[in-house]
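Asks: this one's structure only:
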């Protein structure tokens, strides 16, 4: 694993060097190579693998023969632990099914930068594209072009526009996440009473907006009637902005009981602010986070519980769906069922409205189970 | 009536004094703003709020001091945010692996910051290339190095020694440690610029490079030194960034160069070089941090925040230009009389 | 005739020869590398993709070139891209047909540029400072107008304009827009008195003023032009991604400036050429495309672009120094009286 990654890494450097030395004869090609020194000591195991052009070229032939497919995973952003863990799941599925999978994508979560990767994969003629959309509509024309070229498109994590994918693998259904968020807020507010506020990602973040709306729908129930809604603030998934917003929430609402942050960056920032403001025990933080990022705050008492789906399984399911689409065993139409041996206890998944498949309910983490999940989730 | 005659004179004298000293203007603005905001939101001035806001401002002030020195020599360093990000991440990774004790990891980080600054300074002075071009390049290159070191991982609080992030808001006699660090650095760099030959050379190189050369000032050496110091201070800011946030991402500090340059400019350091003080730059960082916090605490609609923030920067710098022009006008009138 | 005018007429041609040769060599090298690395590189589809992915940056680089030649800079363009999309989408939702909304958006762009120009030329503030402020302000206005809304339903002809190619050719419509604009900018900059005045301002504002160049109003108009073109880029971006959202265009300014500098424009003003910048657009587009096709991951792409920028400035600098050393050696200890002045004009 590490060996091949290092080799690919060096190959990447070599191509960079070739390109640069082709640019200008007096460019010392040793410049990029010298950067390999610190990098080779760093954990490069999860550096997204490169796509050797030769391998991509042989894609259409190999896909028909085996149960797997040559797929490219395009996350919202590379170098993001969440997507790297999902990619590990996809790699495991590819190994199990006998296909190949590589991950490429932009270094910032930006649709403008994501589209060229879709186009490159289309040009290379891969078997399937597995994508988490930075912007549902922005990636749609490029994905439709890919589908016209015969490539199967599977959305995961964040859906492209309906019609621009064959199947969307949803981590958990929106209503379920909204309900989960409302329930955790209710658990943490003393006797389900008091002020709560939401720290979200960007104002236009599709997932978060849908979850927050679902949470508000749930909270119309009488059970939540004593929770006071202080509103939503936006941290843009930027640690600095999220921190500033969380600090201001504590000041603007002195009686705040719970901050709900349905984003992995925001929840950590909010928990750290509560700790730094010495409000541990009077203000609680919950939402969606990663076990490793939150373990310290679960044990410290800032965030007694939070949730997340199994991200490895999400990547595994996305690849498995891509493979079945490529093999023709499913078409992606509503009502179709299929099984993935190692998921869902072997029970069948059903493709629902808008060709959406739901992975399953999210996990809730607390101090009793977090240590075990830190190990198994890997992030 | 003497009153009506006296009042404009008084006002003129006050604005005159304010216009002459950017530091005084900022202090007055900060006091005024705190007073107004605390009317609308009394909790704005609470100790716990101020502790957290000033501690973050301290990080920007320290990076801003380095940037201010660079700007004084009529250069600019756009790569400072990548230096902060690289150092923060490197220190985090070192501590995660347990290779070094905490103080050694900090020293390593600061040393790397210095090294990056020296790289900038060397390329700029040896090849005589405009600093904006070089640092635009190293902005991408240094960030690329962070991505490589990170390899898709982030440094979580649980990777760091117990209680590591608490250092950010620890206080000594009620003052956050970060603020003390910033004040000490302001004092050291301020003295360096104020009292030493090197300091005078920095201003000389920025105000008139040719005249400086005639005076025998080795302007390239001064420029190299200034970029090295900026790298060093960026390294310190990077170490503090890691402590403050506790969780460090490969993209940490992306985009903050604009906030740092804004702090320097609002602090009265002229982009044209040769003028300004580090006290001004530090006050500029404090002012912007407080404005930001005030806008959030006042619970203005989220959509408005950035527009107001942009308008504040524009007003702050325009007001200064107008005040100083008015002073020049008054001085000319007095001279004519 | 004044010295700047003499220089402006001779300088572009002289520097063109060197700088653009370098860029052409670079481009050819990249094209060769591309064909070696991937058999898909020369496909029509790939050409359409690689050009359309940089068109917004490309058209904004044109006025930015002139602004940097005069010694100013406009950092606010990326926020104008966002603001233009926000205004366009909002007008469309309000029921205004796009052909009517588009001119309004261009006017908004002009007004934004006018604000920049006013603060720079009337208040006498440095362009860097002013446009740093409007960078935040324009983005803020986009937030005010759109908030969390994402406008994603557009007429078909509009998205086709942004994403499609002419008939079945590999030429994107947006490339035509860029080509027309680039031709106009090229003619005006290198063939008219207006272009010479721009260069003269960059050489010396005082000298230009004394020779009758309307320095303030010309700088002002360049900012207005930059605003209008940035708004046009915002319209193209909205069309290409069929999406108007408050963060459209974030981070684009650095790429625009990178392209302009790579195109050989002197950041200190007074020197630069449109053909150089056009070549730089394609160098950047092809480099990014080649790296993607080669499967080089994004972190190396940033490093590669950064190194390219730095080396593209170092190499000619070294060449100049070497040439100067060579000239000195050739001339010996007694240079002929006229040669220094001639050399100065050419360099």
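Replies: Sure thing, it's come through. These numbers come from a predicted model, not from an experiment.

Asks: which residues of chain B fall in strands?
Replies: Under the criterion DSSP state E, chain B carries strands at the ranges B:171-172, B:175-176.

Asks: does stretch B:44-57 reach chain A?
Replies: Yes. Legend: contact between stretch B:44-57 and chain A by C-beta under 8 Å from any C-beta of the partner chain is shown at B:44, B:46, B:48-49, B:52-53, B:56. From N, CA and C alone the C-beta is placed, and that goes for glycine too.

Asks: now list the buried members of the residues you listed.
Replies: Among the residues of stretch B:44-57 next to chain A, those classed as buried by 16 or more other C-beta atoms under 10 Å in any protein chain shown are B:44, B:46, B:48-49, B:52-53, B:56.

Asks: between these, which is nearest residue A:289?
Replies: Among those, residue B:52 lies closest to residue A:289 (C-beta to C-beta), at 21.1 Å.

Asks: which strand or helix spans the residue nearest to that closest one when sequence neighbours are not counted?
Replies: Nearest residue to residue B:52, sequence neighbours excluded (C-beta to C-beta, 6 or more residues apart in numbering or on different chains): residue A:247, at 5.2 Å. Assigned by DSSP states H and E, residue A:247 falls within helix A:239-252.

Asks: for that helix, packing partners?
Replies: strand A:194-200, strand A:227-234, strand A:256-261, helix A:264-276, helix B:47-72, helix B:219-245, helix B:278-297 (3 or more C-beta pairs under 8 Å, 6 or more residues apart in numbering or on different chains; DSSP states H and E).

Asks: thought the residue nearest to residue B:52 was touching residue A:275?
Replies: No. Contact criterion C-beta atoms under 8 Å: residue A:247 and residue A:275 do not qualify, at 11.9 Å.

Asks: more neighbours: which of the two?
Replies: residue A:247 (26 against 22; other C-beta atoms under 10 Å in any protein chain shown).

Asks: how about that one, what does it touch?
Replies: Contacts for residue A:247 (C-beta atoms under 8 Å, 6 or more residues apart in numbering or on different chains) come out as A:273, A:277, B:49, B:52-53, B:293, B:296.

Asks: distance of it from residue B:48?
Replies: For residue A:247, the distance to residue B:48 (C-beta to C-beta, to the nearest Å) stands at 9 Å.

Asks: find residues that contact each of these two.
Replies: residue A:277.

Asks: what does the stretch 151-300 of chain C have sitting close to chain B?
Replies: Residues of the stretch 151-300 of chain C lying close to chain B (C-beta under 8 Å from any C-beta) are C:254, C:257-258, C:261, C:266-268, C:298-300.

Asks: which residue comes closest to residue B:256 once chain neighbours are left out?
Replies: Residue B:256 sits nearest to residue B:81 (C-beta to C-beta, 6+ apart), 4.7 Å away.

Asks: so that neighbour sits right up against residue B:255, yeah?
Replies: Yes. In this structure residue B:81 lies within contact range of residue B:255 using C-beta under 8 Å: 6.8 Å.

Asks: neighbour count winner among the two?
Replies: Set side by side, residue B:81 and residue B:255 show more neighbours around residue B:81, with 26 against 15, by other C-beta under 10 Å.

Asks: roughly how far does the more buried one sit from residue A:148?
Replies: Taking C-beta to C-beta, one finds residue B:81 at 41 Å from residue A:148.
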